[in-house]
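A.B. asks: Fold the following, please.
(chains A and B)
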Amino acid sequence: KAGVTQTPRYLIKTRGQQVTLSCSPISGHRSVSWYQQTPGQGLQFLFEYFSETQRNKGNFPGRFSGRQFSNSRSEMNVSTLELGDSALYLCASSSINSGKGNEQFFGPGTRLTVL
Amino acid sequence: KQEVTQIPAALSVPEGENLVLNCSFTDSAIYNLQWFRQDPGKGLTSLLLIQSSQREQTSGRLNASLDKSSGRSTLYIAASQPGDSATYLCAVMSGTYKYIFGTGTRLKVLA
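C.D. replies: Sure, this is the predicted structure:
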C-alpha cells in the first residue's frame, strides 16, 4: 500500500505571496490532518478533515486554510506569507474505522521557505 | 489545556545499551498515545500506538507503556543500535481528532 504523499517537497516563496500544498492520504483513509513543524514551536496542529468536512482547527490565523476533496485528497493554503511561516508542513492520514483507531501515518512533508 | 513534555531533550548512549524515553501529559483524559521517530528533515514514522484502555504495546525491540492515572508513558528500546539514532516524539490524542505533540528526545547511539 502506498504511503501518504505530499507535493511539492520543497518550496521557496517571498513574503506576501500565497502557497498551496497538497496531500494524498493512504488509500482508504478518510481523515487527513495537517501540522506545522518549526524548531521553536515544535509540531503544532493546523486542522483535520474527514469526508470533506473540517472537524477541528488549531490556533492559527485565518491566513491558513484547507479543504478536502471527495477522493480524500487534501490541500492547505497559506495566503500573505510571512517569514515566520517558514516550516516543515506535515500531513497525516488515518482510518477511523481501523482496529487501531486513529493511528496516524505521516507523509514526508513539504519544506516551505519564505524569503 | 493538554501539555506534553518529554525528558530528556537529548540523550547519547553507547551501542548495545537499553534505554528509556519518557513522556508526560497533564490531562489523563486521552483517547490514545502514539510514539514516532523522525529522522532529520523527514516525516514521522509511527512506532507504537497505545489505546487508552491498554497498558503497553510491543514491537520488536520497542516496548511502550501507558499509565493514564499518573499521566506518563515510557518507550523502552532494547539493545540500542546506531540506526536507532533519531528524534523520538510522543503524541496524545486529547479532545477530538487532534494530536498534541511533545517536544521530542534527540537520541544518538554511538558505535
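A.B. asks: Run a quick neighbour tally on B:Gln2.
C.D. replies: By the criterion of other CB atoms under 10 Å in any protein chain shown, B:Gln2 has 17 neighbours. (Glycine included, C-beta is placed from N, CA and C.)
A.B. asks: That one and chain A: what is the separation?
C.D. replies: For B:Gln2, the distance to chain A (CB to the nearest CB, to the nearest Å) stands at 11 Å.
A.B. asks: next one: B:Val92
C.D. replies: In this view, B:Val92 and chain A are 11 Å apart by CB to the nearest CB.
A.B. asks: Quick check: B:Asn22 touching B:Ile7?
C.D. replies: Yes: counting by CB atoms under 8 Å, B:Asn22 touches B:Ile7, with 5.0 Å between them.
A.B. asks: what's the overlap in contacts for these two?
C.D. replies: B:Thr105 (CB atoms under 8 Å, 6 or more residues apart in numbering or on different chains).
A.B. asks: Can you pick out the residue with more neighbours from these two?
C.D. replies: A direct count of neighbours by other CB under 10 Å for B:Asn22 and B:Ile7 places B:Asn22 higher, at 15 against 12.
A.B. asks: Report all helices and strands that the helix or strand where that one lies contacts.
C.D. replies: For B:Asn22, the host element (DSSP states H and E) is strand B:19-25. On a contact count with 3 or more CB pairs under 8 Å, 6 or more residues apart in numbering or on different chains; DSSP states H and E, strand B:19-25 meets strand B:4-7, strand B:10-14, strand B:32-38, strand B:72-77, strand B:86-93, strand B:105-110.
A.B. asks: can you list the residues of chain A near chain B?
C.D. replies: Counting by CB under 8 Å from any CB of the partner chain, the residues of chain A close to chain B are A:4, A:31, A:33, A:35, A:42-45, A:48, A:50, A:55-56, A:58, A:88, A:90, A:92, A:100-109, A:111.
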